[in-house]
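Colleague: pasted the sequence and its predicted model underneath.
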Protein chains: 2
Amino acid sequence: MTPRSDLPSLNPGERLLAGPGPSNVEPRVLEAMQKPMLSHLDPDLHDILLELVDFQRQVYKATDESALVFPHQATGSSGMETGLQNLLEPGDTAIVANTGFFGNRIAKMAKRTGANVIEVTRDFGQIVPNEELLAALDQNPDARLVAVVHAETSTGVRHPVQELGAELRRRGGDTLLFVDCVTSLGAQPVEFDDWGIDFAYSCTQKALAAPPGMSPLAISGRALERVAARKNPVPFTFDLDLLRRYWIERPVTYHHTAPILHIYALYEALRGALEEGLEHRFQRHTDAGGHFQREIKSRGFELLADPEYQLAQLTAVRVPDGVDGKEVQTRFLREHGIEVGGGLGPDAPPIWRVGLMGYNARQEAADRVLQAFDAVLSDQKSLASTA
Amino acid sequence: MTPRSDLPSLNPGERLLAGPGPSNVEPRVLEAMQKPMLSHLDPDLHDILLELVDFQRQVYKATDESALVFPHQATGSSGMETGLQNLLEPGDTAIVANTGFFGNRIAKMAKRTGANVIEVTRDFGQIVPNEELLAALDQNPDARLVAVVHAETSTGVRHPVQELGAELRRRGGDTLLFVDCVTSLGAQPVEFDDWGIDFAYSCTQKALAAPPGMSPLAISGRALERVAARKNPVPFTFDLDLLRRYWIERPVTYHHTAPILHIYALYEALRGALEEGLEHRFQRHTDAGGHFQREIKSRGFELLADPEYQLAQLTAVRVPDGVDGKEVQTRFLREHGIEVGGGLGPDAPPIWRVGLMGYNARQEAADRVLQAFDAVLSDQKSLASTA
């Protein structure tokens, strides 16, 4: 094969990533990815890994030493599957709150393990009430886990995880609490130890403002005991015992070649979150999202989520009747360099999803999105009629 | 939690990564990772994905349209598992050539699927002769696959894959050819279509000179037919049907948030390999490795691999009697900023592993490693006695 000189160069355009994620990477995180690359077996990398784990424990509030905390080497859905593949075996029962794309994904992914999956559903925009999950548990007291999505990315709804954890703990059973924190970690409080969470996973590319590519995990001591008592092996990629030996208990048991530059990115992102202070960071998300929501409602738009459970960091805005939501997204992208999301999956109602997360959780970013709404939708007669 | 200002900053040292991988990232690849980040659902990203797939097809010589070609979202071992989880079901038979750490890993990983694994073994440094693999196939004509490691990273040995593929094709059976190309792709010829490979996986962090984090895959049409006929579901993370719809057949079926900056890196790395010309790149690896091997042998060191199957890009050098190989590695790292590998796994003989791959496949890099050998080992009496 002769040398080629006609191959197109990589030339992506600038974007304000104000959809459901990824969000724009924080500059200090991008800078960290240009630092000299160590090998995964370098003793200095182990120091970095352990420091990162310490940062991650602080961000998850998972400081109980019996918990295993580390980032899995791929994106959030692989964190979800790491949990389900480890905690479920054929014939186990899982109770899953399904009120959006990601609750639905947990249910479907859990079925691949051979588990019996009980789905408790609600329409998009609502929560699945904890009472209904607990009623399902009453009927299935041997359920291995109850799974909820803390911040449902497809609808902008917050699940009351703290209350569910308190009730599960009060009952004192063996059922594990499995929580999707993909869109919550770094944007709102997540208290792994205090809420009694047993398995949590998140991502790097939303409120942590790093690029996509890793899934920060936290697994409780009692969940690890279940994993140790499994009858069937898990796939190698998800093997928590090997991963613990690789990440934590060196000298090395080699598992995989860690994505070093993503580790640098996550290190710097977590460090940044702690330097900012978690409460400050949460407030910044509350302020930016609150500003956007007030302003967009004042223009006559309606939000999808039950107001009591509306997330700050992600807002699902209903597409007014007669407006082509997809066309609006395209104009935002091509005329304003702004990405907002649409509905996710065939069951989603017509919505736009606006994320103000991580580095973008600022009023300036919210205002840029509002300006695009004003510019693109000012001539929409149908919108005027709803206002 | 109050803001913290006492958290250690990330401060990794400069390294010449001359071990078994990762190798140093090519500067143009690092630059690509600083380009504006698109979202995984951006229409412009789909153009980049498809262009990347076209580059990857050229590098694998997998241009037959029935083959599925794309990079999996995690490192090489996850590519290995993607293949095994898809191609094997409980009760299937797999024949695995095990003559090093990675052949052994394939065998162990395959067992997790419930398959019956027949291992054909040889000592570290030798190949498993194709005749023995074919004899195992004669005894197990229904074997689902025969697995070999094209370039065994733990020993520096090249398996004659072309000859095995030709014989399998001549026999005309249904047994699939499964090939680990982690250390070969980009360093030496890999001819997916012509050699009759059915499943190949590689990594990004060796001869392609990108950071670790993705696993370029190629799957033949007949392998895909087997996957489509499976009785049991595979884990979501490895679902080739969903991944094909996500990567290739957009409009989007959302699978995961792709690691965008790793996609940029792989795009640029593959583009660089094609611009250089694959034959030129292979020759560069041959020249740099050949230079190192001649020079290190001239100093009285012995190589582990059977000379007939010695890789150029990776050389396993026997640690002379009386020398503490680990201590030498530490001095290379601390006094010279050079990483070389040691033996991998408890069964490995005392060796150093020197990789000259990707951006480091140059005589200057080889000479830096040789200078470190001269400086650190010049006073080793035991070495002098072997020379």
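Modeller: That came in fine, so what should we check first?

Colleague: only C-alpha atoms from now on, for both contacts and neighbour counts.
Modeller: Will do.

Colleague: which stretches of chain A form helices?
Modeller: A:27-32, A:43-60, A:76-87, A:101-111, A:130-139, A:161-171, A:192-195, A:221-228, A:240-247, A:260-276, A:278-298, A:325-336, A:363-377, A:381-386 (DSSP state H).

Colleague: now for those helices, which one comes closest to chain B?
Modeller: helix A:260-276 (4.4 Å; CA to the nearest CA).

Colleague: what residues does the closest one touch?
Modeller: A:26, A:28-30, A:32-34, A:37-40, A:48-49, A:51-52, A:55-56, A:58-59, A:186, A:204, A:208-211, A:213-214, A:281, B:3-5, B:7, B:9-10, B:211-212 (CA atoms under 8 Å, 6 or more residues apart in numbering or on different chains).

Colleague: can you do 7 Å?
Modeller: A:29-30, A:32-33, A:37, A:40, A:52, A:55-56, A:204, A:208-210, A:213, B:3-5, B:7, B:211-212 (CA atoms under 7 Å, 6 or more residues apart in numbering or on different chains).

Colleague: for the closest residue to A:D92 other than its chain neighbours, grab the count of nearby residues.
Modeller: Leaving aside its chain neighbours, A:D92 sits nearest to A:A115 (4.8 Å; criterion: CA to CA, 6 or more residues apart in numbering or on different chains). A:A115 sits with 20 neighbouring residues when counted by other CA atoms under 10 Å in any protein chain shown.

Colleague: now A:L7
Modeller: 12.

Colleague: repeat that for A:S298.
Modeller: Close neighbours of A:S298, defined as other CA under 10 Å, add up to 11.

Colleague: A:A218 too?
Modeller: A:A218 has 27 nearby residues by other CA under 10 Å.

Colleague: just grab the bridge partners of it for me.
Modeller: As for beta bridges, A:A218 partners with A:V69, A:A200 under DSSP bridges.

Colleague: check contacts around it.
Modeller: Listed by CA under 7 Å, 6+ apart, the contact partners of A:A218 are A:67-70, A:199-201.

Colleague: A:V128 now?
Modeller: A:97, A:99, A:120-122.

Colleague: I'd like the residues you listed written out as TSV, with distance to A:R331, pLDDT and neighbour count added.
Modeller: Putting the contacts of A:V128 into TSV (distance: CA to CA, whole Å; pLDDT from 0 to 100; neighbours: other CA atoms under 10 Å in any protein chain shown) gives the following:
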residue	distance to A:R331	pLDDT	neighbour count
A:A97	35	98	27
A:T99	30	97	24
A:V120	38	98	19
A:T121	34	98	19
A:R122	32	97	14
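
Colleague: circling back to that earlier point, separate out the buried members of the contacts of helix A:260-276.
Modeller: Buried residues within the contacts of helix A:260-276, counting neighbours by 16 or more other CA atoms under 10 Å in any protein chain shown: A:29-30, A:32-33, A:37, A:40, A:52, A:55-56, A:204, A:208-210, A:213, B:211-212.

Colleague: quick one on the thing from earlier: now for the contacts of A:A218: which two are most distant?
Modeller: The largest separation in the contacts of A:A218, counting by CA to CA, is between A:A67 and A:Y201 at 13.2 Å.

Colleague: look at those two and report which has more neighbours.
Modeller: More neighbours surround A:Y201 than the other of A:A67 and A:Y201, with 31 against 20 (other CA under 10 Å).

Colleague: how about that one: what's its closest non-neighbour residue?
Modeller: A:L217 is the one closest to A:Y201 (CA to CA, 6+ apart), at 4.5 Å.

Colleague: quick check, that neighbour in contact with A:A200.
Modeller: Yes - using CA atoms under 7 Å, A:L217 makes contact with A:A200 at a distance of 5.7 Å.

Colleague: number of nearby residues for the nearest residue to A:R362 once chain neighbours are set aside?
Modeller: Spatial nearest neighbour of A:R362, excluding adjacent residues (CA to CA, 6+ apart): A:A288 at 5.1 Å. Residues near A:A288, counting by other CA under 10 Å, number 23.

Colleague: enumerate the residues of the stretch 101-250 of chain A near chain B.
Modeller: Residues of the stretch 101-250 of chain A lying near chain B by CA under 7 Å from any CA of the partner chain: A:109, A:112, A:211-213, A:233-237.

Colleague: turn those into a markdown table, columns for pLDDT.
Modeller: A markdown table is the format used below for those (pLDDT from 0 to 100):
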| residue | pLDDT |
| --- | --- |
| A:M109 | 98 |
| A:R112 | 97 |
| A:P211 | 98 |
| A:P212 | 98 |
| A:G213 | 97 |
| A:P233 | 95 |
| A:V234 | 97 |
| A:P235 | 97 |
| A:F236 | 97 |
| A:T237 | 97 |
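
Colleague: farthest pair in the residues you listed?
Modeller: A:P211 and A:P233 (31.5 Å).

Colleague: domain parsing for chain A?
Modeller: What automatic domain parsing lists as the domains of chain A is A:16-21+A:277-377, A:27-274.

Colleague: of all the ones you listed, which lies closest to B:V317?
Modeller: Closest among the domains of chain A, once you apply CA to CA, is domain A:27-274, at 18.7 Å.

Colleague: re the thing from before, and the residue nearest to A:D92, how far is that from chain B?
Modeller: 12 Å (CA to the nearest CA, to the nearest Å).

Colleague: wouldn't that residue be in contact with A:Q85 here?
Modeller: No - assessed by CA under 7 Å, A:A115 is found out of contact with A:Q85, at 9.9 Å.

Colleague: next one: the residue nearest to A:R362 from A:A187, what distance?
Modeller: According to CA to CA, to the nearest Å, A:A288 and A:A187 sit 11 Å apart.

Colleague: with A:G125 instead?
Modeller: From A:G125 to A:A187 the distance is 19 Å (CA to CA).

Colleague: more neighbours: which of these two?
Modeller: Between A:G125 and A:A187, counted using other CA under 10 Å, A:A187 has the larger neighbour count: 30 against 24.

Colleague: ok, now which ones touch the more buried one?
Modeller: A:207, A:281-282, A:285, A:313.

Colleague: for A:L333, same thing?
Modeller: The contact partners of A:L333, by CA under 7 Å, 6+ apart, come to A:E339.

Colleague: ok, A:D92 next?
Modeller: By CA under 7 Å, 6+ apart, A:D92 lies in contact with A:115-116, A:143-144.

Colleague: nearest residue to A:F101 in space, please, no chain neighbours.
Modeller: Closest to A:F101 by CA to CA, 6+ apart is A:S154, at 5.8 Å.

Colleague: ok, the one you found to A:A265 distance?
Modeller: To A:A265, A:S154 is 26 Å away according to CA to CA.

Colleague: A:R222 now?
Modeller: Noted for A:R222: a distance of 30 Å to A:A265, by CA to CA.

Colleague: higher neighbour count, the two?
Modeller: A:A265 (29 against 15).

Colleague: in the stretch 1-150 of chain A, where is pLDDT below threshold?
Modeller: A:1 (pLDDT under 70).

Colleague: wait, isn't the residue nearest to A:R362 in contact with A:E364?
Modeller: No - here A:A288 does not reach A:E364: they are 8.6 Å apart, not a contact under CA under 7 Å.
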